[in-house]
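[1] Next one to model:
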Amino acid sequence: MIRVYTKERHISKITKFLTSISLEYKIYTIKDDLSIEPFDLGVSYCYPRKIIEPLLSTPKKGFVNYHPGLLPKYKGPTETEDAIKNKETHWGVTVHHMDENYDTGKIIQIKKINLHEPPTSTQELGAISHYFLFQLFKETILDIYKIR
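    Numbers count the residues shown, from 1 in each chain. I've put the predicted structure just below:
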């Protein structure tokens, strides 16, 4: 079983997808108590808090993070603001193994996005990032669940 830690606005699409592939899961938001009961794989999907011990080491297969930015260059929660300041036209979204530091674990996969022109707002780049991040999630979650 996997546990997905995310924001409320992502619950519906994650639920629909995981149900469609018959994967056993539970979804948690910041409103939920963080249980330390054993589970197989932890997934942070745009979760607004850092996953720390003892939860970080609870799942047998570890934790992975779906990050709406291009790692390792754009770490942390200000990735879209930083990319706009830098007038990026090469962007991407990342899934990586989690460790005790913020956005530093081994990268599993990056989905690169070529933008036709630099984005002008965090809403614009955020929408692009989240579209491709969910595509990355759908493309990789079964493999990550099996190989970890």
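[2] what ranges do the helices span in the protein?
    All helices of the chain, identified by DSSP state H, fall at 11-20, 79-85, 122-147.
[3] which one of the ones you listed lies closest to Glu53?
    Nearest to Glu53, of all the helices of the chain, is helix 122-147, at 21.4 Å by Cβ to Cβ. (C-beta placed from N, C-alpha, C; glycine too.)
[4] what about that closest one, average pLDDT?
    Averaged over helix 122-147, pLDDT sits at 94.
[5] Report the residue spans of this structure with pLDDT below the cut-off.
    147-148 (pLDDT under 70).
[6] Can you pull up the most central residue in it?
    Tyr66 (1.6 Å; Cα atoms, centre = their mean).
[7] if I look at the residue lying closest to that one once chain neighbours are set aside, how far off is Tyr25?
    For Tyr66, ignoring the flanking residues on the chain, the nearest one in space by Cβ to Cβ, 6 or more residues apart in numbering is Tyr45 at 4.7 Å. Separation of Tyr45 from Tyr25 (Cβ to Cβ, to the nearest Å): 11 Å.
[8] What residues are bridge-paired with the residue nearest to the centre of the chain?
    On the basis of DSSP bridges, Tyr66 is bridged to Tyr45, Val95.
[9] pretty sure it is in contact with His130, am I right?
    No - judged on Cβ atoms under 8 Å, Tyr66 makes no contact with His130 at a distance of 9.9 Å.
[10] which residues are in contact with both of the two?
    Cys46 (Cβ atoms under 8 Å, 6 or more residues apart in numbering).
[11] Leaving out chain neighbours, which residue sits closest to Pro54?
    With Cβ to Cβ, 6+ apart, the residue lying closest to Pro54 is Ile36, at 5.7 Å.
[12] quick one: that neighbour and Leu136, what's the gap?
    In this structure, Ile36 and Leu136 are 28 Å apart, going by Cβ to Cβ.
[13] Give me the more crowded residue out of those two.
    Each of Ile36 and Leu136 has its neighbours counted (other Cβ atoms under 10 Å); Leu136 has more, 20 against 11.
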